[in-house]
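Enquirer: Fold the stuff below for me.
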Amino acid sequence: MQQQVTPASTDPFAPFGGYEQELRAMVTDMAPRLFAVVQEYGERQDARIAAWGLAFRDHVEVVGCGGAYHLNLASTDSAARLFVRPQTRSRILWLDEAA
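Expert: Below you'll find the predicted structure:
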């Protein structure tokens, strides 16, 4: 019968505070925030999600809902401005704040 090797027994950093724990902390700290670019029609009459985005520390990535484009922009404000149309307004809604 073969013996199972646990991840902790193969972790060379385990005696020094746990490599896995530090790696997970780094990933959590550096994770981008998810947002939607929402277009609103009229005064709270109707709305649609025009695009989804990831906000990194130094830029944002935006993908249109139809998949026709992928944008690399400086900020979420830039993303919102790109989706303003006549008789609509555009704004950013953060997924972690939607709940």
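Enquirer: now stretch 57-69: how far from the chain's centre is it?
Expert: Stretch 57-69 sits 10 Å away from the centroid of its parent chain (C-alpha atoms, centre = their mean, to the nearest Å).
Enquirer: What residues sit buried inside that stretch?
Expert: 60, 62 (16 or more other C-beta atoms under 10 Å). Bear in mind the C-beta positions are built from the backbone N, C-alpha and C, glycine included.
Enquirer: where do the helices sit along the protein?
Expert: Remark: helices assigned in the chain by DSSP state H are 7-10, 19-30, 76-82, 95-98.
Enquirer: possible to save those as JSON lines with mean neighbour count and distance to residue 67?
Expert: Below are the helices of the chain laid out as JSON lines (neighbours: other C-beta atoms under 10 Å; distance: least, C-beta to C-beta, whole Å):
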{"stretch": "helix 7-10", "mean neighbour count": "9", "distance to residue 67": "38"}
{"stretch": "helix 19-30", "mean neighbour count": "10", "distance to residue 67": "26"}
{"stretch": "helix 76-82", "mean neighbour count": "16", "distance to residue 67": "16"}
{"stretch": "helix 95-98", "mean neighbour count": "9", "distance to residue 67": "19"}
